[in-house]
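J.: just coords:
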């Protein structure tokens, strides 16, 4: 499991009562869904602008997100 995801999950639940019982697997799966949505948003924007401008930035953005979170 990506250490960054676990650290972010720990930060998110620090002040929540009873948060200690949220399984790491839930946090990991939830984070992966959000990450994939971000990647998809970048790639969808790239498709919208295909032919109108350089879409390389959108694709680089998607790649950087994937690499940062190791997905």
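T.: That came through, no problem. Just so you know, these numbers come straight off a predicted model, no measurement behind them.

J.: Output the contacting helices and strands for the lowest-mean-pLDDT helix or strand in the chain.
T.: For the chain, counting by mean pLDDT, DSSP states H and E, helix 3-13 ranks last in confidence among helices and strands (a mean of 81). Counting contacts by 3 or more CB pairs under 8 Å, 6 or more residues apart in numbering; DSSP states H and E, helix 3-13 is packed against helix 24-48, helix 56-69. Yep, even glycine has a C-beta here, placed from its N, CA and C like the rest.

J.: Ok, which of those helices comes nearest residue 4?
T.: With CB to CB as the criterion, residue 4 lies closest to helix 56-69 of the helices and strands packed on helix 3-13, at 6.3 Å.

J.: That closest one packs against which elements?
T.: helix 3-13, helix 24-48.

J.: Show me which residues of the longest one are buried.
T.: Right, helix 24-48. 27, 31, 35, 39, 42, 45, 46 (16 or more other CB atoms under 10 Å).

J.: Next: stretch 62-71.
T.: 62, 65, 69.

J.: Show the pLDDT at the closest residue to the first one other than its chain neighbours.
T.: With CB to CB, 6 or more residues apart in numbering as the criterion, residue 62 has its nearest non-adjacent residue at 4.0 Å, and that residue is residue 42. For residue 42, the model assigns a pLDDT of 85.

J.: surely residue 42 meets residue 58?
T.: Yes: counting by CB atoms under 8 Å, residue 42 does reach residue 58; the two are 4.9 Å apart.
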